[in-house]
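1. please work out how this folds:
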Amino acid sequence: MTTLRLAALAGIAALTACVAEVQTVPAATAFTNVSVLPMTGEAVLSGQTVVVRDGVITAAGPADEVDVPRGATEIDGTGRYLMPGLAEMHAHVPPGDNPPRQEVEDILFLYVANGITTIRGMLGSAYQIPLADELERGEVVGPNFYVGAPSINGNSAPTPQDAERMVRAHVEAGYDLQKIHPGVSLATWDHMVEVARAAGLTYGGHVPADVGLVHAMETGMSTVDHLDGYVQAIASDDVQAQVSVGEISLGGLARGVDEAKLDDIIRMTIEHDVYVVPTMYLWRNLYGAPDPDAMLLQPEMRYVSPQTRAGWRQRAQGGGRGEPEDVALYLALRDRILKALSDAGAGILMGTDSPQLFNVPGFALHRELQVMAEAGMSNHEILKSGTATVGEYVASHLGLDGNFGTVAPGQRADLVLLGSNPLDDLAYLFDRVGVMVRGRWFSREEIDAGLEALAAKHAG
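-> Here you go, the predicted model:
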């Protein structure tokens, strides 16, 4: 392991002189006498030993059956719970060609500090591809990083030829997926699909209005983020006619559900193997006119800059997106759609769209989980959406190594050690003893020191 300075954990160059602790990679690490949430099912396995070597889980089983290798660093798991690290599947790191390195590292640290060991970046830049390689090699503190390409949208790809040019360039550059934003015409979409499929590049994000959710699914949309298009797709024919001419309120849209269409769209989601990244907490903030003063008093606001907080305040002062009663109906319908998708067995992936409005990277994911619970998902379903399901998606849709997201031999050693069982209460995800990323262990003490350094940086 490279030299670790606590201030570097937080990405604050000005504090690097304060810390001189050096850690090295042990021959092996063993979590002993620990209760394991393997996320291969709902069972919790007590009295386990889990051995990690070279970033991979090499053994896992009852403590009396698994030998601790000689020279291994032992981490006592008595009374503690070991689970896979979580994933943020609609993340953002700073865009642009050359953003300040410290700003980038601050955000990456915040993910790890919150037990997030995998992110999918959804607004790509060229520098992010070598950054992902640095993260994989352990040269930067941060999660595993799957990099989405710069988006195809109505401005970047006004013609089918523009979309083809972008897809080919993004494949050559080595991006993991193609991000979609609104404004793409149907002709451009269909040509993009043809080129992307031939090149082996998956695509996901927003559903362009001219394309529609049904056609997007039928033509290989990999992930639908923000539940984009679902409310419109299940509206009755009369309501959809009003939507097409812009003469309907959120409440009218939410009241106009065609139950048969709801059943059909859920069936299609599963039949076409489409994953959904709901970003429920962000939509509550975007539509519900939260009090900016109250939001900015949340404890995690210490870890973002005064400029970011001021920008969020200014944006929130514009108010919500409709009458409160209409907004409540609309958000309740989104909750209902999410629960129906989850109950039917659709692939749900954790994600928040951080650092969007009041979404502090890492911390926002825990607020997202609470909203998912309020929508009716069980704690196990929620945790699976950020662990085992993510590994399945990466393998089947990105065509990359999906050996992570469960606690089992051969899996990537992305782990979180907790003091309490999160299946009992999702808030216990904050009761972290430490976080492991590809076999690199970060103790609670190191994480807390890094957070405090970051808070001091933004204390203005």
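2. show me what contacts residue 44?
-> Neighbour list for residue 44: 35-37, 81, 421, 423 [criterion: C-beta atoms under 8 Å, 6 or more residues apart in numbering]. C-betas here are computed from N, CA, C, even on glycine.
3. where strands are concerned, which of those count?
-> Taking DSSP state E, the ones among the contacts of residue 44 that sit in strands are 35-36, 81.
4. any idea where the helices of the stretch 51-200 of the chain begin and end?
-> For the stretch 51-200 of the chain, the helices defined by DSSP state H, counting those that start in this stretch cover 101-113, 128-137, 160-173, 186-199.
5. name the residues that touch the third one?
-> The one in question is helix 160-173. Contacts with helix 160-173, where a contact means C-beta under 8 Å, 6+ apart, come from 124, 126, 129, 149-150, 152, 156-157, 178, 184, 187-192, 195-196, 199-201.
6. do that again at 10 Å, thanks
-> Applying C-beta atoms under 10 Å, 6 or more residues apart in numbering, the set of residues contacting helix 160-173 from outside is 124, 126, 129, 147-153, 155-157, 159, 175-179, 184-185, 187-201, 203.
7. how distant is that helix from the center of its chain?
-> When C-alpha coordinates are averaged (C-alpha atoms, centre = their mean, to the nearest Å), helix 160-173 and its chain have centres 25 Å apart.
8. now the stretch 251-400 of the chain, which segments are flagged as low pLDDT?
-> Where the stretch 251-400 of the chain drops to pLDDT under 70, the residues are 319-320.
9. close enough to count as contact, residue 102 and residue 458?
-> No - using C-beta atoms under 10 Å, residue 102 makes no contact with residue 458, being 11.8 Å away.
10. now do the contacts for the most centrally placed residue in the chain.
-> By C-alpha atoms, centre = their mean, the chain has its centre lying nearest to residue 88, at 1.5 Å. Neighbouring residues of residue 88 by C-beta under 10 Å, 6+ apart: 111, 114, 116-122, 143, 277, 349-354, 361-362, 364-365, 368, 386, 390.
11. do you know how far it is from residue 112?
-> 11 Å (C-beta to C-beta, to the nearest Å).
12. pull up the overlap in contacts between those two.
-> 119, 143, 362.
13. so which of the residues you listed is the closest to residue 344?
-> residue 119 (26.9 Å; C-beta to C-beta).
14. the nearest residue to the closest one once chain neighbours are set aside pairs with what?
-> Leaving aside its sequence neighbours, residue 119 sits nearest to residue 91 (C-beta to C-beta, 6 or more residues apart in numbering; 4.0 Å). Note on residue 91: beta-bridge partners by DSSP bridges are residue 121.
15. residue 352 is in contact with residue 91, correct?
-> Yes - counting by C-beta under 10 Å, residue 91 does reach residue 352; the two are 7.7 Å apart.
16. which residues do the two both contact?
-> With C-beta under 10 Å, 6+ apart as the test, residue 91 and residue 352 both reach 361-362, 364-365.
17. pipe those residues into CSV and attach neighbour count, distance to residue 329 and secondary structure per row.
-> Compiled in CSV, the shared contacts of residue 91 and residue 352 are given as follows (neighbours: other C-beta atoms under 10 Å; distance: C-beta to C-beta, whole Å; DSSP: H, G, I helix; E, B strand; the rest coil):
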residue, neighbour count, distance to residue 329, secondary structure
361, 26, 31, coil
362, 28, 31, coil
364, 28, 24, helix
365, 27, 26, helix
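18. how much space between the residue of the chain positioned farthest from its centre and residue 52?
-> Going by C-alpha atoms, centre = their mean, the residue of the chain most distant from its centre is residue 70, 36.9 Å out. With distances taken as C-beta to C-beta, residue 70 is found 15 Å from residue 52.
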